[in-house]
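Undergrad: structure, please.
(2 chains)
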Amino acid sequence: MVQRPRGTRDFTPAVMNRRLAFEKLLETKALSHGFKRVQTPIFETLDLFTAKSGPGVVKQLYAFQDKSDRSLTLRPELTAPVMRMVSDEMRSSPKPLRLSYFGQCFRYEESKKGRYREFFQYGVELIGASGPLAEAEVVSLAIDMLDACGLQDYEVRIGHVGILRDILTGLGLSQDGEPESPVASAMRFLDKGDWNGLSELFSTNGIDTSATQNLKTLSELDGGIETLESAREILSSMNVALDSVDDLSSLLSSIESLAPNPPSMKVNLCVARGLDYYTGMVFEVNVAELGGEGQVLGGGSYKLLHLFGLEDLDPSCGFGLGFDRVLLALESQAERAGRTEVVPGETPEPSTLMLPFKVDASSVLAIVKNLRDIGHNVELDLRGKNIGKSLDWASKNGFTNVIIVGPQDVENQQCSVKNLISGEQSVVALNSDSISEIL
RNA sequence: GCUGUGAUGGUGUAGCGGUUAGCACGGUAGGUUGUGGUCCUGCCAGCCCGGGUUCAAGUCCCGGUCACGGCCCCA
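TA: Residues are numbered from 1 along each chain as shown, chains lettered A, B, ... in the order given. This next block holds a predicted model:
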């Protein structure tokens, strides 16, 4: 037997129905915030990702040589391709740009629930504008999307890697080093809350480990806008500029108006995210019930355009939403609540079965076409069974209505339209307009 | 990268060294030549793959594959 490659999935019609409803919902929200859909290739040149994320990423790439010996790879994420597209195609488009995207990405890593080798990401990028207001537009869209699909109990955490870098370089840590700079290591320790690791790093770099105390206090500031006041004091004592704190404060109050009341939103300056190219605000969304793979969304402000020879005048801001993970969370929450509808709007539209019974199908084909043109979903019965079996089949396949056309009907130019949900049946004239009225 | 658990028709399962591998749902063909979401009958369809132990392996052992967990990681 031939089986699917590890970490991939098939989506049957029943599953796709839900996924399409979810995508449509996200698309609607993106458009409501002005983000226009784009699409980039499934594979790109290998350089695109090694330039952005360093050569170490290659081991997680589906990289290959094509028949002309080009180094290519399936895309592991979508931010870099979109930025490449902007530099290739939209250099002179008026800024700012609001772009959205959806598609599969590929990473070679251990597959488990919520982590697939082929996974789907929905994301947006706001390019060519920066500052608290631009960031608020992006973060509020993320919250808006999660609310719209009915996700509950999620936590938004907002941080700022710019501030973090200022602190760490202020202490004397270097931003250069292989394979990982001391600053990057420190940020990783902070993100994990690994204080021993941080102390060790400080001492090997000749920094007074007492500095960890301030950072620890900072990491414990985990709450609303009021935590920024306390942060100010600590940062002042460390001689770190406060401009970014003011920006964060402004960002939070804008979000307050644009997307009020997410289940939980916290500021924590130790949220670091893994990416080197983030320059300022970063944020992520977690759903606790997903366990280890609970991060469903992440993003922030970054600079990438310089990789493509464009000026990085302004940082861009965006996020990627883990399509599969949000769906898993929704499914788990729906099950817990005993709900059958997982994604709002996933219930299929009513559909109708045209059932010619002991008459030549050609006598109803024109009607089927007309009904479809009017906008009804109509399926022509192809099996020619007796009526009992056909109704049974129609019922199992989720049809709302069945149009029964038998020999007597053709003779009298009428037909029976039966509603399978109510069981009601009525006789109407055998033409598309009359039928359409009662479907 | 490390580690734990598991794998029987399409789905859910029984079988724990010797059975024609059982059951339910499902699919399909009928019972019914114009009315389903009751019922009855026939049929379809399975031991993940490769080695080994044994007179005999779905069952025990080793390896692989895949799935699900726990660490590591997660651009």
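
Undergrad: dig out what A:L297 forms beta bridges with.
TA: Listed beta-bridge partners, A:L297: A:V285, A:L321 (assigned using DSSP bridges).

Undergrad: that one: how many residues sit nearby?
TA: Neighbour count for A:L297, taken as other CB atoms under 10 Å: 25. All C-beta atoms are positioned from the backbone trio N, CA, C, and that covers glycine.

Undergrad: right, and it touches A:L321 too?
TA: Yes. At 4.7 Å, A:L297 counts as touching A:L321 under the criterion of CB atoms under 8 Å.

Undergrad: which neighbours do these two have in common?
TA: Here A:L297 and A:L321 have A:A142 as joint contacts, going by CB atoms under 8 Å, 6 or more residues apart in numbering.

Undergrad: buried ones in the helix or strand encompassing A:A136?
TA: With the criterion set as DSSP states H and E, the secondary-structure element containing A:A136 is helix A:132-148. Of the residues in helix A:132-148, those scored as buried under the neighbour-count criterion (16 or more other CB atoms under 10 Å) are A:132, A:134-148.

Undergrad: farthest pair within these?
TA: Between any two of the buried residues of helix A:132-148, the greatest separation by CB to CB is 23.7 Å, found for A:P132 and A:A148.

Undergrad: and A:V296, what does it touch?
TA: Shown here is A:V296, whose contacts under the criterion CB under 8 Å, 6+ apart are A:L146, A:L151, A:Y154, A:V285, A:N286, A:V287, A:L290, A:L321, A:G322, A:R325, A:V326, A:A329.

Undergrad: list of residues touching the helix or strand hosting the last one?
TA: Just to be clear, that refers to A:A329. For A:A329, the element it lies in under DSSP H and E is helix A:323-337. Contacts made with helix A:323-337 from outside it, assessed by CB under 8 Å, 6+ apart, are listed as A:18-19, A:22-23, A:26, A:102, A:113-114, A:116, A:119-122, A:146, A:149-154, A:287, A:289-290, A:293-297, A:340-343.

Undergrad: and those residues, which are buried?
TA: A:18-19, A:22-23, A:26, A:102, A:114, A:116, A:119-122, A:146, A:149-151, A:154, A:287, A:290, A:294-297, A:342-343.

Undergrad: let's see which of those end up in strands.
TA: Cross-referencing those against strands under DSSP state E gives A:F102, A:F119, A:F120, A:Q121, A:Y122, A:Y154, A:V287, A:Q295, A:V296, A:L297.

Undergrad: surely the third one meets A:L78?
TA: No. Using CB under 8 Å, A:F120 is not in contact with A:L78; the gap is 10.2 Å.

Undergrad: which residues are in contact with each of those two?
TA: Common contacts of A:F120 and A:L78 (CB under 8 Å, 6+ apart): A:G103, A:C105.

Undergrad: centre of the chain versus the worst-scoring helix or strand of chain A on mean pLDDT, how much separation?
TA: Taking mean pLDDT, DSSP states H and E as the measure, the helix or strand of chain A with the lowest value is helix A:46-53, at a mean of 82. Per CA atoms, centre = their mean, to the nearest Å, the displacement of helix A:46-53 from the mean C-alpha position of its chain is 22 Å.

Undergrad: for it, C-alpha coordinates in CSV please.
TA: Once side chains and other backbone atoms are set aside, the C-alpha atoms of helix A:46-53 remain, and they are given as CSV (Å, rounded to 0.1, in the frame of the first residue of the first chain):
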residue,chain,number,x,y,z
LEU,A,46,17.2,28.4,-1.1
ASP,A,47,19.0,31.7,-0.6
LEU,A,48,15.8,33.5,0.3
PHE,A,49,15.6,31.6,3.5
THR,A,50,19.2,31.2,4.4
ALA,A,51,19.7,35.0,3.9
LYS,A,52,17.0,35.7,6.3
SER,A,53,17.4,33.1,8.9
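
Undergrad: so the residue in the stretch 101-250 of chain A positioned nearest to RNA strand B versus A:V82, what's the distance?
TA: Taking CB to the nearest atom of the strand, RNA strand B has its nearest neighbour within the stretch 101-250 of chain A at A:K113, 2.8 Å off. Using CB to CB, to the nearest Å, we find A:K113 at a distance of 28 Å from A:V82.

Undergrad: burial measure for A:N268, as a count.
TA: For A:N268, the tally of surrounding residues (other CB under 10 Å) stands at 20.

Undergrad: and if you look at A:S68?
TA: For A:S68, the count of nearby residues is 5 (other CB under 10 Å).

Undergrad: let me know the helix or strand that it is in.
TA: Secondary structure here is read from DSSP H and E; on that basis A:S68 sits in neither a helix nor a strand.

Undergrad: pop out the phi and psi values for it.
TA: Backbone torsions for A:S68, taken as degrees, to the nearest 10, come to phi -100, psi 20.

Undergrad: over to A:V417?
TA: Backbone geometry at A:V417, expressed as degrees, to the nearest 10, gives phi -110, psi 120.

Undergrad: next, count neighbours for it.
TA: Around A:V417 there are 20 other residues, counting by other CB under 10 Å.

Undergrad: just list whatever residues bridge to it.
TA: A:I403, A:S426.

Undergrad: distance of it relative to RNA strand B?
TA: Taking CB to the nearest atom of the strand, to the nearest Å as the criterion, A:V417 is separated from RNA strand B by 9 Å.

Undergrad: stretch A:31-50 and RNA strand B, are they touching?
TA: Yes. With CB under 7 Å from any atom of the strand as the threshold, stretch A:31-50 lies in contact with RNA strand B, specifically through A:F49.

Undergrad: could you work out the end-to-end span of that stretch for me?
TA: With CA to CA, to the nearest Å as the measure, stretch A:31-50 spans 32 Å from end to end.

Undergrad: around RNA strand B, which positions in the stretch 251-400 of chain A sit nearby?
TA: If contact is defined as CB under 7 Å from any atom of the strand, the residues of the stretch 251-400 of chain A in contact with RNA strand B are A:273-277, A:291-293, A:295, A:298, A:357-358, A:383, A:385-388, A:391-396.
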